[in-house]
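Novice: Give me a 3D structure for the following:
(chains A, B and C)
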Amino acid sequence: MTDPRRRPAEPAPERPAPRAGGIAARASAAAAPTPDYLNGLNPEQREAVETLDGPLLVLAGAGTGKTRVLTARVAHILSQGRAYPSQILVVTFTNKAAREMKERIHAMVGDQVEGMPWLGTFHSIGVRILRRHHELVGLKSGFTILDTDDQIRLLKQLLAAENIDEKRWPARLLASTIDGWKNRGLSPKDVPPGEGAVFANGRGGTLYAAYQARLKALNAVDFGDLLLEGIRLFRENPDVLAEYHKRFKYLLVDEYQDTNVAQYLWLRLLAQGSKNVCCVGDDDQSIYGWRGAEVDNILRFESDFPGARVIRLERNYRSTGHILASAAHLIAHNEGRLGKTLFSEGEDGEQVTVTGAWDSGEEARAVGEEIEALQRAGHKLSEIAILVRASFQMREFEDRFVTLGLPYRVIGGPRFYERAEIRDALAYLRCVNSSADDLAFERIVNVPKRGIGDATVKQIHDVARAAGLPLQEATRVLTESEELKPKVRGTLRGLVEAFGRWREQARVMSHTELAEIVLDESGYTEMWQKDRSAEAAGRLENLKELVRSMEPFENLSGFLEHISLVMDTDNGAGEDAVQVMTLHSAKGLEFDTVFLPGWEEGLFPHQRALDEQGKAGLEEERRLAYVGITRARASARIFVASNRRIHGMWNSTVPSRFLDELPDAHVRVEESRGGAGWGGSGYGGGSYGQSRFDRAEPFAASSYSTPGWQRAQSNRGRTDSGPSRGGFSERGGRYDAGGSARRGPMVIEGTLVATSTGAASAFNTGERVFHIKFGYGEVTGIDGNKLTVQFDKAGEKRVLETFVEKA
DNA sequence: GACTCACTGATTTTT
DNA sequence: TCAGTGAGTC
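Specialist: Just a heads-up that it's a prediction; the model follows:
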C-alpha cells in the first residue's frame, strides 16, 4: 500500500539535538524534540498514540490514518521504555495486515521489531499459545491444523457413520453451523439445546461433540479451535493466564469491528492483566457480520472496558471532498452507529459519477473505454480498481479486458493454498512428515489415479479401526495379508514403501529437494504434465511456486507448521494492471480511480442479505457501499445496468436504493455512450415517484469532458499507436453499438482483418494452438485474424489470432 | 473402478 | 447459464 502523505523522513531540522546526558538535555526532556514517529500526526492521532494507560478505543474513519496510529503507538511504547518488544501483543485479522504492520514498525524503530513475536493474526498467535501448552488442552505436540477441506471430509465420514442422509443435511452446512458456534465461543456443551436441534432432526449438538472427539483422536484442531481452545486453556488454568497477563504489558488490536465473540472473549481474558488495551476500528466498515463479526463489540467497548477512552479520527487524508461527502451522506442512512463525521481539507475534486448502461455488457464496455481513456491520459492501471459486489460480475469485465488487450488482475478468488494441486502436494508432504496424518493420506491415496477406489479405502479404514492404527500403517498391514487383489496390493505396497523411502531421504537432503522428489516419484507432477486443460500449465507453475516458498523454512515440519496459517502469495504484485476484486477484499486498500458497477436492487444491496438479515443486512450492505466509495482517492464512478442476466435469464433491474441516498450536490449523473442507457426506462423505484436518475443529463456533462479526457484528447495522436499495447487489439474491441459519442476513428473489427503485411494468417487449419482462457485446441477455420478453434475442453470458439499461440 | 449424464443451486471469505 | 456433484452404467 502506498501512502502519499507519509511523514517526512527527516526529523525537524531547526531543533538541534541536546547533548546527550547534558543538564540541558535532562531539563528539556519534557520539551524534547518531537520524535520522528510523531511528526506529522494531527492532534487526535497524536493523542491516540500517546494515551498509553488504560483501555482506549480509536474510532478511525476510512482514510484517517489508523495503521499509522497503531504503528506509531508501538514505536512510542518502545521508545518510552514502557515495554520490551516481546511484551507487546499486536493482533490483526490477516497475514497481509500483520506483514504490513511489521514493515511499517520496522521503518520506525528498526530491528526492534524482530523482537516482537506477538505480532500476528488472532489465529497465528492462538497456535503459538496452544503449542506451548498443548498438553493442557489434551493435544499432543505437533498437532495438525485442518483446513476447511479436511473438515468437510471428516464431517462427511461422521454423517455417514450416523446414517444421516448427506443430501438432506450436507456436510458443508454442518461445517458452517459448527463454525458459527465456534465463532460465538460455544463448545459443544454450551450450544443451546434448541439450536443444536436444528441440524439433522436434533442431532446437531451430538454431531458437534462427535466431531470434536474425532479431532482430538486425530490430534488435530480446526481454525475455530485455535481460539476456542485458547479460551478454555485460560479459563481452566489461571496460572497460565496469569503468566500472559504478566507478559503482555500492551495490547493492540486492528480492525476491531471485525472481531467475533470468540476473539472478543480471548482478548478480554488477556486484557484483564495490564488493561492497556487499544482497539482500533470503524463501525462503518464492519462488513463481515455474516461470518460472525460482532459490530456490537465495538459499540459496547466503553461498557466492556470500564474507564475506556474513546478517540475519534475524522480527518480524512485520502479522498477528495465530493467523494467523502457522498460516502458520508450515504452512511448517514444507517442507524446504530457510533457516528463520525469525516472531513477533509483537500480539494472538492471531481464529483462522483453515476452512469446508466443498458445491460451488463454495455457496462463492461463503458468501463473498458473509460479505463483506456485514463490509460491514454497517463494514469497507471494499477491505480484503477473495479469493485464488484459478487464475483460473477467479474467475468464480463475479464472478457472485455481480454478483448481489449487490457492488462488486469483479479484479486481474491481461490487462494493459493486452497488450490487442489497445492493441497494435494501438501498432503503428500504431510504424509511424509507424519505417518499418522490420516486425512492427508486419504486425500492422495488415489491421486494420481492408481485404481484405489472407495471399496479399498473402506478396507483400509476397517483394518485401521480394528487395530487402532493410522491409515498408513493399516495399509502396510493390509498389503502383507492376502485380502487384496494382487494388483491393488502391489500398488499400495509401492505407495507405502515410497513413503518409507522418502522419510529416509528426508534425513539426508534439503526439504525442497525432497519435495521435488516426492512430487516426481509419486507421479503427481506427471499427472498434470499429461493434462491438456488450460489450467494445467498454471498448476505446474503453482507447484514450482510451492517448492520455492519452502526455501526460507528450516525443515519440512517447520514449513508445514506455518503453512496452514500463512500461505498467501503476492503473485504478480507490482505489474501495471487494472485491479478487479470484490468490495469485501477491497477493504483497507485505496486507488486513484474506483469503478463501482452493478448498483442495482437485488445485487447491491444483495437480495439475500435483505431476505436473511433484514434491516441489519441492509445496513451491512450500505457499509459495503461506503467502503467502496471511500476506496477512491480522486475518482469514484458508479454504474447501473438496466438489464442483467441472472442464472442465465435476462432480468430488467431497478437501480439501487443507495443511488437515491447519495447527495445531489456531489454526484453527477451520466449516460453511457451509445445512448441506450436506462434513463427514463420506466424506473419507478423509491417512494419519491420519479428518481432523479430518470432525467439523465445531456451528454455534454459526460466524463469525457473531464480534465483527464481533455488531456487524453490532446495526447491522442501520440498515444494511439502507443507503446503500451501493440496492434489492433486496442481498437479491436471498439466495435460496440452506438457510435454517436465515439472518439477517434471508428473501427469495425472486421476491417482489421488485413494486418500490415496483408499476409494470410500465421496459423493453418488443423494446427494445435493454446489459448490463455480456453486451453488447447485445434484450428478448424480461419477468417482473417480470427480463428475458429475446436478446444479440447471449451468446445468450438471464435478467437482473435493474437490470443492464441502455437501449441 | 472409471466414465457419463442428469440434477441442483447460485453473496461476501479469513484463518 | 454453468459449474460442481452424485447416481447409474460399462
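Novice: And A:G494, how far from DNA strand B?
Specialist: Remark: distance between A:G494 and DNA strand B (Cβ to the nearest atom of the strand, to the nearest Å) = 15 Å. Backbone N, C-alpha and C define where each C-beta goes, glycine included.
Novice: ok, and that residue, which helix or strand is that part of?
Specialist: Here A:G494, judged by DSSP states H and E, is contained in helix A:486-508.
Novice: Going by neighbour count, which residues of the helix or strand following that helix are buried?
Specialist: Scanning forward in sequence from helix A:486-508 by DSSP H and E, the next helix or strand is helix A:511-521. Within helix A:511-521, the residues scored as buried using 16 or more other Cβ atoms under 10 Å are A:H511, A:T512, A:L514, A:A515, A:E516, A:I517, A:V518, A:L519.
Novice: what is the orientation angle of helix A:511-521 with helix A:486-508?
Specialist: Helix A:511-521 runs at 160 degrees relative to helix A:486-508, counting by axes from the mean of the first three to the mean of the last three Cα atoms, to 10 degrees.
Novice: What mean pLDDT does helix A:511-521 get?
Specialist: In this model, helix A:511-521 has a mean pLDDT of 94.
Novice: residues making contact with that helix?
Specialist: A:425, A:428-429, A:432, A:498, A:502, A:505-506, A:509, A:524-526, A:543, A:546-548, A:550-551, A:553, A:555-556, A:559 (Cβ atoms under 8 Å, 6 or more residues apart in numbering).
Novice: Get me the contact residues on chain A for DNA strand C.
Specialist: Contact residues, chain A versus DNA strand C (Cβ under 7 Å from any atom of the strand): A:E166, A:K167, A:R645, A:H647, A:G648, A:M649.
Novice: Would you check which pair of those residues lies furthest apart?
Specialist: The span of these, defined through Cβ to Cβ, is set by A:E166 and A:R645 at 31.8 Å.
Novice: Skip the chain neighbours and tell me the closest residue to the residue in the stretch 101-250 of chain A that DNA strand B sits nearest to.
Specialist: Closest to DNA strand B within the stretch 101-250 of chain A is A:H123: 2.9 Å, counting by Cβ to the nearest atom of the strand. Of all residues not flanking A:H123 in the chain, A:L226 sits nearest, at 4.8 Å (Cβ to Cβ, 6 or more residues apart in numbering).
Novice: Read off the pLDDT value for A:Y208.
Specialist: At A:Y208, the model reports a pLDDT of 94.
Novice: What is the neighbour count of it?
Specialist: Counted with other Cβ atoms under 10 Å, residues neighbouring A:Y208 total 24.
Novice: can you pull out the helices in the stretch 501-650 of chain A?
Specialist: Here the stretch 501-650 of chain A has its helices, by DSSP state H, counting those that start in this stretch, at A:511-521, A:524-530, A:536-550, A:556-563, A:583-586, A:607-630.
Novice: got a markdown table for those, with distance to DNA strand B too?
Specialist: Output for the helices of the stretch 501-650 of chain A, formatted as a markdown table (distance: least, Cβ to the nearest atom of the strand, whole Å):
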| stretch | distance to DNA strand B |
| --- | --- |
| helix A:511-521 | 19 |
| helix A:524-530 | 12 |
| helix A:536-550 | 15 |
| helix A:556-563 | 10 |
| helix A:583-586 | 4 |
| helix A:607-630 | 3 |
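Novice: how about CSV for these, with distance to A:Q212 added?
Specialist: Shown next, in CSV, are the helices of the stretch 501-650 of chain A (distance: least, Cβ to Cβ, whole Å):
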stretch, distance to A:Q212
helix A:511-521, 32
helix A:524-530, 33
helix A:536-550, 31
helix A:556-563, 22
helix A:583-586, 30
helix A:607-630, 28
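Novice: quick one: which of those helices is nearest A:G468?
Specialist: Nearest to A:G468 among the helices of the stretch 501-650 of chain A is helix A:556-563 (24.2 Å), distances taken as Cβ to Cβ.
Novice: Could you give me the buried positions within the closest one?
Specialist: A:L556, A:S557, A:F559, A:L560, A:E561, A:H562, A:I563.
Novice: now the angle from that helix to helix A:511-521?
Specialist: Per the same axes, to 10 degrees, the angle that helix A:556-563 makes with helix A:511-521 is 90 degrees.
Novice: Which other helices and strands does helix A:556-563 contact?
Specialist: Judged by 3 or more Cβ pairs under 8 Å, 6 or more residues apart in numbering; DSSP states H and E, helix A:556-563 is in contact with helix A:420-433, helix A:511-521.
Novice: picking that back up, buried only: go through the residues of chain A next to DNA strand C for me.
Specialist: If we count by 16+ other Cβ under 10 Å, these have nothing buried.
Novice: So which of those residues reach DNA strand B?
Specialist: Among the residues of chain A next to DNA strand C, proximity to DNA strand B is found for A:H647, A:G648 (Cβ under 7 Å from any atom of the strand).
Novice: give the contact list for A:L136.
Specialist: Contacts for A:L136 (Cβ under 8 Å, 6+ apart) come out as A:L233, A:E236, A:N237, A:V240.
Novice: try 10 Å this time
Specialist: Listed by Cβ atoms under 10 Å, 6 or more residues apart in numbering, the contact set of A:L136 reads A:L130, A:E229, A:R232, A:L233, A:E236, A:N237, A:V240.
Novice: can you tell me which two in the buried residues of helix A:556-563 are farthest apart?
Specialist: Spanning the widest gap among those are A:L556 and A:H562, at 11.4 Å by Cβ to Cβ.
Novice: and A:A213, what element?
Specialist: Applying DSSP H and E as the criterion places A:A213 in helix A:204-217.
Novice: again, but for A:R668
Specialist: strand A:667-671.
Novice: one step back: now, of the contacts of helix A:511-521, which are buried?
Specialist: With burial judged by 16+ other Cβ under 10 Å, the buried subset of the contacts of helix A:511-521 is A:425, A:428-429, A:432, A:498, A:502, A:506, A:524-525, A:543, A:546-547, A:550, A:553, A:556, A:559.
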